[in-house]
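Trainee: sharing a model that was predicted from the sequence below.
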Amino acid sequence: MNLRAMNQDVLPGFSDMVDHFIRRYCRLGTNVNISDRTLFPAFRAFWIATTHETPHPALLGQFRVELTERGYHSIGKKRPRWYGLTLHQVAVLSEKEDERLIVP
């Protein structure tokens, strides 16, 4: 069994990963919004730190689908702005998911 297949056996499902990211790094509310250009890189950093760089064939597309399925609305096709959530603070994830460097 190759390393990628082994990682997929122990990793939670993609939906669970998105749920975990939202619970841990996002603030929800009717008055908040965030650009995809800011939100997705934070999710991608979380994905890499959590999965140890396990590739995903359509990370951006699937992430957008997951947000839509959870009821978050966006405006814009190529560079959407998501309404109803934002990041707690602009954060850069280090190699370990639990360590964060807060950017002023």
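Mentor: That came in fine, so what should we check first?

Trainee: switch to C-alpha atoms for all contacts and neighbour counts from now on
Mentor: Will do.

Trainee: could you list the buried residues of the longest helix along the chain?
Mentor: Counting residues, the longest helix found in the chain (DSSP state H) is helix 36-51. Neighbour counts over helix 36-51 (16 or more other CA atoms under 10 Å) mark 36, 39-40, 42-51 as buried.

Trainee: could the residues you listed go into JSON lines alongside distance to Gln62 and pLDDT?
Mentor: Formatted as JSON lines, those follow (distance: CA to CA, whole Å; pLDDT from 0 to 100):
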{"residue": "Asp36", "distance to Gln62": "13", "pLDDT": "95"}
{"residue": "Leu39", "distance to Gln62": "14", "pLDDT": "96"}
{"residue": "Phe40", "distance to Gln62": "11", "pLDDT": "95"}
{"residue": "Ala42", "distance to Gln62": "15", "pLDDT": "95"}
{"residue": "Phe43", "distance to Gln62": "12", "pLDDT": "95"}
{"residue": "Arg44", "distance to Gln62": "12", "pLDDT": "93"}
{"residue": "Ala45", "distance to Gln62": "15", "pLDDT": "92"}
{"residue": "Phe46", "distance to Gln62": "15", "pLDDT": "94"}
{"residue": "Trp47", "distance to Gln62": "12", "pLDDT": "92"}
{"residue": "Ile48", "distance to Gln62": "15", "pLDDT": "90"}
{"residue": "Ala49", "distance to Gln62": "18", "pLDDT": "90"}
{"residue": "Thr50", "distance to Gln62": "17", "pLDDT": "89"}
{"residue": "Thr51", "distance to Gln62": "16", "pLDDT": "87"}
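
Trainee: show me what contacts the residue positioned nearest the centre of the chain?
Mentor: Centroid-nearest residue in the chain, with CA atoms, centre = their mean: Phe43, separated by 2.6 Å. For Phe43, the contact set (CA atoms under 8 Å, 6 or more residues apart in numbering) comprises Phe21.
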